[in-house]
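Participant: Need a 3D model of the following:
(one chain, ligands or ions: 2)
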Amino acid sequence: MSTPELTVAAPAQDETPGSEWWRTAVIYQIYPRSFADTNGDGIGDLAGVTAHLDDLQELGVDAIWLSPFQRSPQKDAGYDVSDYCDVDPLFGTLADFDAMLAASHARGIRIIVDLVPNHSSDQHVWFQEALAAAPGSRERARYMFRDGTGIDGDLPPNNWESVFGGPAWTRTTDPDGRPGQWYLHLFDTSQPDFDWSNEEVREEFRRVLRFWLDRGADGFRVDVAHGLVKEAGLPDYTPDPDAGSMGGDEASVPYWGQPGVHEIYRDWHEVLAEYDGDRALCAEAWLPTIAKTSLWVRPDEMHQAFNFEYLETDWDAAALRAVVTESLRAYPAVGAPSTWVLSNHDVVRHASRLALTAENPQGSGIGPKSEGQPIPEVGLRRARAATSVMLALPGSAYLYQGEELGLPEVIDLPDEARQDPTWFRTKGERYGRDGCRVPIPWAAEAPAYGFSPDGESWLPQPAEWATLARDVQQDRPDSTLSLYRDLLAERRARSLGSGKLAWIDDLGPEVLAFTNSGVTVIANLGEAAVPLPEGRVILSSGPVDAGSIPADTTVWLEQS
Ligand code: NOJ
Ligand code: CA
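Facilitator: Ligands and ions are numbered 1, 2, ... in the order given. From the prediction side, this is the model:
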């Protein structure tokens, strides 16, 4: 193959960002129940996080985002909070949280707490008080109670559907046993929505923010940040059946992305600004365009928003270039960094998703009967190549626990093991998210692969995971763990997070290529090998030899 000459375009963005840590940080998501269990009940805990901080430091991450560990009946794996200012006994105590935070900070790792403000658990004292109180009372005004329609109010107030399937309204029973009002729950019946037009709700969440900020939290990941405000009058709405369950593809939805949310986050921004150390808010907001999402991170609102448009982009060079270009235009235009993410606890792990050949709406998961089953080797190759692109991009990147081991989605979980409310509420029509939540393997030979001392695991782990355990990958230079370590070390050493990206056009339609801070990144997304330009290979996502880059492979080059 002949060696190509490269032409580098002008940088795609030229603003001068600030120096706050969250602009460039690599943030590692811990899903506590599946990370590490220390007391043998088969559910990960905060002590398990503390026990593995050295591993995370060695991996090279800047911060940890912990999915909910607050007190909860666990109907939606902790996204149903009954006490926002306490640790669920399943995960430990506030003292365990404090110890974990102190040990993280001692290693230079920041801690981001998950905050769930759209809804509480139905076991929250406020909701229990609301059920016991009369229609029109102060207690009911904290949630979205409405009279029903139809004869005797036996039909729901409108036609909204729950994200997890089925109606978004549940009728209550009055203390005298008669059917009463209905309450709104965009998610499970056990997750009633707050009424954010109520100042008492706003004041309570300021208190919750301060509670965790006072304990030293460096910021919050804000759950369903696009859902807090509902359109006045609660008009009927029928979702697009092909759109993701959290919106994202739909232009105008009466419960997603309403303009009233901006005022709430401006208020929170001020609360965080009272504290030292650049505390940050990150929005989980599934909105239809990057331009719209960028409005959430204007200078006085959130600091970051997840880039789900990037996560949802197919393994296609032109599509990826378009989404990166738009991200590096829209976010810096409002003074914010772009973020990048490929996996989390709600989507099919990218080591499987990138090899799917059928549509898979967000939150649906895949199971044994799903169409377009991925080929594991192709998925892993693409995942390694995709992460090697992501970690070369300027801005802040999110990793999801286990992706550094190349874990695939667990597709063949037995039906009786599944726990996601989506599975139950759709009567098995959508598999849901359990397949990306299986406890991670630390040690090939240990019970539960080192996840739990006596071999317990709240979801069964596949037999093949022995070969993916962390200890097996630890010293192998070609392992996925070693690749992640190298990517993170080079990213940090070369300050790629604060660099500028410039595209390279010469390498053909199936190649994505750019420079950032002296590193030339070339990803071959096509089926045929492409020539490798001159230069020293810093790292590559797969084997590269004889002057060519094979299919589904990314190379970082240093050119003299
Ligand atoms: C988004 C969370 O990431 C997801 O896991 C949860 O089910 C919903 N929000 C409801 O809180
Ligand atoms: Ca435990």
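Participant: which non-adjacent residue is nearest the residue of the stretch 351-500 of the chain found nearest ligand 2?
Facilitator: The stretch 351-500 of the chain approaches ligand 2 most closely through residue 452 (7.2 Å), counting by CB to the ion. In short, each C-beta sits where N, CA and C put it, glycine included. Once flanking residues are discounted, residue 452 sits nearest to residue 37: 3.8 Å by CB to CB, 6 or more residues apart in numbering.
Participant: Isn't the one you found up against residue 455?
Facilitator: No. Using CB atoms under 8 Å, residue 37 makes no contact with residue 455, being 10.2 Å away.
Participant: the more surrounded of these two?
Facilitator: Just comparing residue 37 and residue 455: by other CB atoms under 10 Å the higher neighbour count belongs to residue 37, 26 against 13.
Participant: Tell me the spacing between the more buried one and ligand 1.
Facilitator: Distance, residue 37 to ligand 1, by CB to the nearest ligand atom, to the nearest Å: 20 Å.
Participant: what's the spacing between that residue and residue 403?
Facilitator: Separation of residue 37 from residue 403 (CB to CB, to the nearest Å): 20 Å.
Participant: For residue 74, list the residues it contacts.
Facilitator: Shown in contact with residue 74 (CB atoms under 8 Å, 6 or more residues apart in numbering): 80, 88, 90.
Participant: what subset of those residues is also close to ligand 1?
Facilitator: Among those, no residue sits close to ligand 1 (CB under 6 Å from any ligand atom).
Participant: which of those lies closest to ligand 1?
Facilitator: If you rank the contacts of residue 74 by distance to ligand 1 using CB to the nearest ligand atom, residue 80 comes first, at 7.4 Å.
Participant: how many neighbours does the closest one have?
Facilitator: Neighbour count for residue 80, taken as other CB under 10 Å: 26.
Participant: roughly how far apart are it and residue 195?
Facilitator: Look at residue 80 and residue 195: by CB to CB, they are 17 Å apart.
Participant: Kindly report the same for residue 115.
Facilitator: Relative to residue 195, residue 115 is positioned 17 Å away (CB to CB).
Participant: So which of these two has more stuff around it?
Facilitator: It is residue 115, of residue 115 and residue 195, that has more neighbours when counted by other CB under 10 Å, with 25 against 18.
Participant: Is the residue nearest to the more buried one when sequence neighbours are not counted part of a helix or strand, or is it coil?
Facilitator: Closest residue to residue 115 apart from its sequence neighbours, by CB to CB, 6+ apart: residue 220 at 4.4 Å. With DSSP: H, G, I helix; E, B strand; the rest coil as the basis, residue 220 sits in strand.
Participant: ranges for the helices of the stretch 451-560 of the chain?
Facilitator: Applying DSSP state H, counting those that start in this stretch to the stretch 451-560 of the chain gives helices spanning 470-473, 480-493.
Participant: Buried ones in stretch 515-531, by neighbour count?
Facilitator: When burial is assessed from 16 or more other CB atoms under 10 Å, stretch 515-531 yields the following buried residues: 515-516, 519-526, 529-531.
Participant: could you dump those residues to a markdown table with pLDDT and distance to ligand 1?
Facilitator: As requested, the buried residues of stretch 515-531 are exported to a markdown table (pLDDT from 0 to 100; distance: CB to the nearest ligand atom, whole Å):
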| residue | pLDDT | distance to ligand 1 |
| --- | --- | --- |
| 515 | 98 | 35 |
| 516 | 98 | 30 |
| 519 | 98 | 33 |
| 520 | 98 | 36 |
| 521 | 98 | 30 |
| 522 | 98 | 34 |
| 523 | 98 | 28 |
| 524 | 98 | 33 |
| 525 | 98 | 29 |
| 526 | 97 | 34 |
| 529 | 96 | 39 |
| 530 | 96 | 38 |
| 531 | 95 | 42 |
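Participant: Counting neighbours, what do you get for the residue lying closest to residue 38 once chain neighbours are set aside?
Facilitator: Sequence neighbours aside, residue 47 is the residue nearest to residue 38 in space, at 4.3 Å (criterion: CB to CB, 6+ apart). The number of residues packed around residue 47, counting by other CB under 10 Å, is 17.
Participant: wait, residue 47 sits on residue 97?
Facilitator: No. Look at residue 47 against residue 97 with CB under 8 Å: they stay out of range, at 10.3 Å.
Participant: Can you show me the helices along the stretch 51-200 of the chain?
Facilitator: Ranges of helices in the stretch 51-200 of the chain, per DSSP H, counting those that start in this stretch, are 53-59, 94-106, 125-132, 199-214.
Participant: What residues are bridge-paired with the residue nearest to residue 115?
Facilitator: residue 113, residue 281 (DSSP bridges).
Participant: Just want the most central residue of the chain.
Facilitator: residue 344 (4.0 Å; CA atoms, centre = their mean).
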